[in-house]
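**Student:** Model the structure of this input:
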Amino acid sequence: MDDYSEETYGERIADVYDQWYSEFDPSAIQTLAELAHGGKVLELGIGTGRIAVPLLKTGLAVHGIDASESMVAKLRAKPGGDRIPINMGNFVEVSIEGQFTLIYVVFNTFYSLLTQEEQIRCFKNVTEHLTSDGVFVIEAFVPDLKRFTGGQAIRLNRIEVNEVQIDVSQIEPDAQIVTSQHIVLTELGARLYPVKLRYVWPVEMDLMARLCQMRLKERWSDWGKSQFTADSVKHISVYEHWR
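**Tutor:** As a prediction, this is how the structure comes out:
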């Protein structure tokens, strides 16, 4: 997937993103609002505003960064979406002025940074944009290498009379890169929705934070703040400045 870039995922999936992923845990909004403590909020990879728009309704000042014009256009069309200031570009740079009490990146979007160097640089730039009592929140899956056989995985997601949806993936364990295609087959043909990511183990993420003068404050297995365990399939990690 040599022609894959930071805009590819959003530009290809924008038209169906809210149809496929409109649902979210209401606890996410409540928990993020609590962590913001009434201050300014920044979402990295804001996309169609799936989380940002409901969070805006709590009265918080929400800002965002995204690389996809098509995704942001979907956000702008939603009630209240035009009130959210957006900086276009790769969120690794955190190219926005000011400081925030909460910076967050959800739904595995942190993994869209495809090198360890970029991921560490993101932590560093986030640190510089957090208030002294601010926090950085990451929602991400816990890697499960058992999904792959011979470096590949195929999963049937949906089968209907006129439609089939399949995920096919390849893994590069040395680089921790997964390259996938979500394939939608209908009588009219096939549509491809590519995604490429670099997964991170929770302990590696904690080390990235330490390299940037941050430390883990909380880690939960869901937005309801359930305890994170060896059986958790995802984590909500909250980082703060190292004091």
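
**Student:** The longest strand belonging to the chain: what's the following helix or strand?
**Tutor:** For the chain, the strand reaching the highest residue count under DSSP state E is reported as strand 130-141. Using DSSP states H and E, the helix or strand that follows strand 130-141 in sequence is strand 152-159.

**Student:** So what are the sheet partners of the helix or strand just after that following strand and their directions?
**Tutor:** Using DSSP H and E, the next helix or strand after strand 152-159 towards the C-terminus is strand 163-172. Sheet pairing for strand 163-172, assigned by DSSP bridges, gives strand 152-159 (antiparallel), strand 177-186 (antiparallel).

**Student:** Let me see the ranges of the helices in the chain.
**Tutor:** Secondary structure of the chain (DSSP state H): helices at 8-21, 26-36, 52-56, 69-76, 116-129, 202-211.

**Student:** Residues touching the shortest one, excluding its own?
**Tutor:** Taking CB atoms under 8 Å, 6 or more residues apart in numbering as the criterion, the residues outside helix 52-56 that touch it are 24, 29, 32-33, 41, 43, 46, 62, 64, 75, 78-81, 83-84. No exception for glycine: its C-beta is placed from N, CA and C like everyone else's.

**Student:** Show me those residues that map onto strands.
**Tutor:** 41, 43, 62, 64.

**Student:** Can you add neighbour count and give those residues back as JSON lines?
**Tutor:** Formatted as JSON lines, those follow (neighbours: other CB atoms under 10 Å):
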{"residue": "V41", "neighbour count": "25"}
{"residue": "E43", "neighbour count": "28"}
{"residue": "V62", "neighbour count": "27"}
{"residue": "G64", "neighbour count": "24"}
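
**Student:** Show me which of the residues you listed is closest to L113.
**Tutor:** E43 (15.0 Å; CB to CB).

**Student:** Now do the contacts for that closest one.
**Tutor:** 51-52, 55, 62-65, 103-106.

**Student:** So which of those residues is the closest to T8?
**Tutor:** Taking the contacts of E43 together and measuring to T8 by CB to CB, the closest member is I65, at 16.9 Å.

**Student:** Next one: that closest one relative to M214, how far apart?
**Tutor:** Between I65 and M214 the computed distance is 19 Å (CB to CB, to the nearest Å).

**Student:** If you count surrounding residues, which of the two has more?
**Tutor:** Comparing I65 with M214 by other CB atoms under 10 Å, the one with more neighbours is I65, at 24 against 21.

**Student:** tell me the pLDDT at the residue nearest to that one when sequence neighbours are not counted?
**Tutor:** Spatial nearest neighbour of I65, excluding adjacent residues (CB to CB, 6 or more residues apart in numbering): F91 at 4.3 Å. On the pLDDT scale, F91 is placed at 95.

**Student:** got it, and E43?
**Tutor:** 98.

**Student:** One more: the one 4 residues further on?
**Tutor:** The score at G47 is 97. That number is its pLDDT.

**Student:** and it, what is it in contact with?
**Tutor:** Applying CB under 8 Å, 6+ apart, the residues near G47 are 10, 17, 66, 68, 71-72, 74-75, 109.
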